[in-house]
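> From the sequence below, what's the structure:
(one chain, ligands or ions: 1)
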Amino acid sequence: MTTSPIETKAMQLLSKMTLDEKLGQLSQTCGAGGHIPQYLVEGIQKGRVSSVINEVDLATVNELQRIAKEESRLGIPLLIGRDVIHGFKTIFPIPLGQAAAWSPELVEKGARIAALESARAGVNWTFAPMIDIARDPRWGRIAESLGEDPFLCSQLGVAMVKGFQSDDLSTNGAIAACAKHFVGYGASESGRDYNTTNIPENELRNVHLQPFYFAAKSGVASFMSSFSDLNGVPASGNQWLLKQILRDEWQYKGLVVSDWESIKELKVHGLSASDKDSARLAAKAGIDIEMQSTCYIDNMKALIDESKIQESEIDSLVLNVLQTKFALGLFDQAYTDLSTLPAYLNHEHLSAAKEAAQKSCVLLQNQSRNGASPILPLNKNDTKRIAVIGPLANDGYEQLGTWVFDGEEQHSISCLSGLKEIVNEGTEIKFEPVFASSRDKDTQQFEKALSITEQADVAILFLGEESILSGEAHCRSNIDLPGAQNELIEYLSQSSTPIVLVILAGRPLTIQPIVNKIDSILYAWHPGTMGGIAIAEILFGDACPSGKLPVTFPRVVGQVPIYYAQKNSGRPAAEWSYVHIDDVPQRAPQTSLGMAATHLDTHFTPLYSFGFGLSYAEFAYHDVNISDNKIVIGESFSVTLKVENKSEIDADEIVQLYIRDLVGSVTRPVKELKGFQRVYVKAKSIVNVNFELHTDDLAFYDINNKLNVEAGDFLLGVGKDSSLELNVAFELIN
Ligand code: BGC
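Predicted coordinates for the structure are as follows:
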């Protein structure tokens with residue numbers, strides 16, 4: 001194997017380092033927020049700090065870099081880490097919202113802007129993308145995820161990495177990305193954050209590892225080990241995961257960082273008896289940088305003296321850190337060069353954020369309660385009096401969502417301001433928040449809200465969840481609209497005024513109880529800085545909704561986990577055999593029920609399927625064709641179709657391609673997404689859509705956990721969402 005110039009430079013530098021300096025390169029510490037305490041000055045001077053997290057005051061960051069460059073013996077620059085998750089100053093929709101746009105281009109652009117803005121504060125390393133597969137809406141971090149599907153998540157994750165890092169990490173404004181949390185974190189038992197995960201190896205490989213594999217191949221600069229216990233061995237001390245899979249199988253050469261104190265927590269998990277042993281386990285697994293805790297720096301010398309760790313093992317960790325610093329170009333330019341970085345919140349950034357917010361909105365329902373034509377889009381000329389209701393209508397902070405450290409409320413366009421900006425002059429808007437927060441149970445303002453609803457041509461409700469109800473450590477066992485919001489909807493539904501519900505939330509909520517009480521539902525997630533104007537334009541038809549769900553919406557929380565790519569089981573649920581609890585005869589004999597994989601008390605389908613989303617336009621799919629019905633393994637094939645826009649409105653449609661591998665050495669999901677395209681179709685016209693696939697795209701980890709393409713029969717379908725029928729048969733042959 002040849003050595004790259006960066007490896008050579010790193011090795012040369014390593015050869016000059018003392019053991020103390022080497023251990024220093026494995027340590028990340030927290031900044032103090034705009035000043036530099038003496039311990040940090042001394043730590044950097046002595047070469048005992050490799051990276052600082054959470055310092056975003058530029059003058060302070062530059063001074064930290066200066067101390068590292070000029071006052072430490074070897075002048076090694078610092079990695080400056082920050083969670084830049086969905087924007088820095090210009091806040092984009094939460095990642096789950098961005099995923100609903102099904103647009104790698106938009107995700108890449110958003111990450112690029114986040115990188116450019118955070119680079120202005122001296123940040124050179126972000127802890128994103130989070131590419132944990134999330135199939136449990138109780139888990140608060142579903143907000144930060146790219147949804148339930150490995151294919152969609154992989155495509156968007158890779159796009160995000162590219163956006164943060166650009167093509168060359170050393171260019172000004174490129175920052176190192178981090179694929180997290182490796183791995184399985186999203187499968188925490190009962191959707192409780194940090195909880196145990198038990199994931200069979202085959203599922204791990206076919207589902208949870210997939211986005212990480214693609215991120216590694218795309219050149220993501222770093223990985224973060226998960227907090228969670230994976231099949232009995234917490235990820236941060238898991239040699240099988242971090243050594244065998246990541247380094248040996250995938251040949252990953254980048255940097256691995258622990259999660260916040262996750263090395264220290266190995267003891268809490270019960271994997272080690274002491275911090276010292278935690279340090280040993282994490283180093284053996286190959287974690288290069290310890291985030292926040294100090295197990296490495298406090299114990300590694302003793303571990304080396306006792307021959308429990310070899311210095312050569314430490315050397316390989318240090319090399320990964322140094323190589324990352326060289327790749328970022330920090331040895332040549334550690335200080336931030338503002339001259340080539342665009343201003344915060346500039347016009348281009350804001351319009352990208354607006355486009356992302358708009359394309360991430362999912363229209364879930366658009367039918368009027370009295371059977372008249374759809375309520376949306378609203379007509380500006382006919383809508384003269386609007387009742388705007390709800391605690392999230394005029395709250396620039398809550399629309400930003402979880403993991404916003406640097407975005408500021410004052411830059412947000414709230415939903416109310418967006419509406420005011422867009423309506424015709426003279427349109428009367430009456431606003432009643434009703435609740436102090438989304439959790440509020442006080443019903444005192446219900447009467448007032450009903451009265452302004454009754455006087456209006458339309459009532460627009462902005463309900464959902466405040467930012468803090470999702471995100472890390474904010475899990476819920478009940479995912480209904482919190483507080484008394486269901487009661488409010490019920491109360492307002494007495495009025496015959498059309499009601500449009502806009503939901504701002506960090507997760508799928510169980511909205512089944514209220515869907516029949518209102519007319520239209522637009523799911524806007526937490527849409528970020530430009531959310532208000534993006535939503536207003538959709539409501540009034542200046543933009544057409546085009547988002548599709550990146551995650552299944554359950555009817556009731558008891559259905560969780562519910563996701564489209566389930567296995568068939570031996571007794572799949574079916575309409576003909578489904579029996580509802582109310583229809584079970586009393587004293588029915590044991591076998592009289594459906595004998596299928598269903599719940600008695602709720603239908604087996606979700607409320608909204610993965611991939612679902614309505615449009616103001618009407619699309620029809622025609623002529624789905626596969627290039628050949630017998631495809632030789634190792635070859636490419638194509639699927640073509642026509643998408644017709646039958647309406648008078650130009651609009652985007654997200655075309656989705658699913659397959660089913662009918663027989664496998666391990667059972668395969670009933671549907672798997674294998675392609676998607678966001679296509680623009682002008683009113684009353686037809687576009688041709690073409691998917692190029694290769695049989696490698698149909699590979700999966702087989703009974704021996706080897707990646708393999710198995711010959712046999714498949715079905716394929718292309719359409720609007722995952723509830724489509726797979727009606728094109730084809731065969732893979734050897
Ligand atoms: C989270 C990580 C995050 C880190 C640093 C942890 O609590 O799990 O995702 O990057 O903190 O803020």
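
> Quick one: the strands in the stretch 501-650 of the chain, in order.
520-523, 619-626, 630-632, 636-645 (DSSP state E, counting those that start in this stretch).

> so which of those strands comes closest to the ligand?
Closest of the strands of the stretch 501-650 of the chain to the ligand is strand 520-523, at 24.7 Å (criterion: CB to the nearest ligand atom). Yep, even glycine has a C-beta here, placed from its N, CA and C like the rest.

> residues in contact with residue 321?
When contacts are counted by CB atoms under 8 Å, 6 or more residues apart in numbering, residue 321 touches 25-26, 50, 79, 255, 288-289.

> nearest to residue 418, of those residues?
residue 79 (38.6 Å; CB to CB).

> per-residue confidence for that closest one?
In the predicted model, residue 79 carries a pLDDT score of 98.

> Same question for residue 1.
pLDDT, residue 1: 69.

> how close does the nearest residue to residue 299 once chain neighbours are set aside get to the ligand?
Take residue 299 and drop its neighbours on the chain: the residue closest to it by CB to CB, 6 or more residues apart in numbering is residue 276, 4.0 Å away. From residue 276 across to the ligand, the span is 23 Å (CB to the nearest ligand atom, to the nearest Å).

> Residue 276 belongs to a helix, doesn't it?
Yes. Assessed with DSSP: H, G, I helix; E, B strand; the rest coil, residue 276 lies in a helix.

> how about a markdown table for the strands of the stretch 501-650 of the chain, with distance to residue 670 and mean pLDDT added?
Shown next, in a markdown table, are those (distance: least, CB to CB, whole Å; pLDDT from 0 to 100):
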| stretch | distance to residue 670 | mean pLDDT |
| --- | --- | --- |
| strand 520-523 | 25 | 98 |
| strand 619-626 | 19 | 98 |
| strand 630-632 | 21 | 98 |
| strand 636-645 | 19 | 98 |
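
> Quick check: which of those strands has the most neighbours on average?
Among the strands of the stretch 501-650 of the chain, ranked by average contacts under mean count of other CB atoms under 10 Å, first place goes to strand 520-523 (a mean of 24).

> what about stretch 115-126, near the ligand?
No. Stretch 115-126 stays clear of the ligand (CB under 6 Å from any ligand atom), getting no nearer than 8.6 Å.

> Just the buried residues of that stretch, please?
Buried residues in stretch 115-126, counted by 16 or more other CB atoms under 10 Å: 115-126.

> before we move on, what about stretch 504-520?
Within stretch 504-520, the residues scored as buried using 16+ other CB under 10 Å are 504-512, 514-515, 517-520.

> before we move on, the earlier item: go through the buried residues of stretch 115-126 and flag which are in helices.
115-119 (DSSP state H).

> In TSV: those residues, plus pLDDT.
Converted to TSV, these look like this (pLDDT from 0 to 100):
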residue	pLDDT
115	98
116	98
117	98
118	98
119	98
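
> Could you single out the nearest of those to the ligand?
Closest to the ligand, out of all of these and judged by CB to the nearest ligand atom, is residue 118, at 13.6 Å.

> and that closest one, how far is that from residue 193?
Separation of residue 118 from residue 193 (CB to CB, to the nearest Å): 25 Å.

> same check, this time on residue 100
Distance of residue 100 to residue 193, given as CB to CB: 22 Å.

> Isn't residue 454 up against residue 498?
No. Assessed by CB atoms under 8 Å, residue 454 is found out of contact with residue 498, at 11.8 Å.
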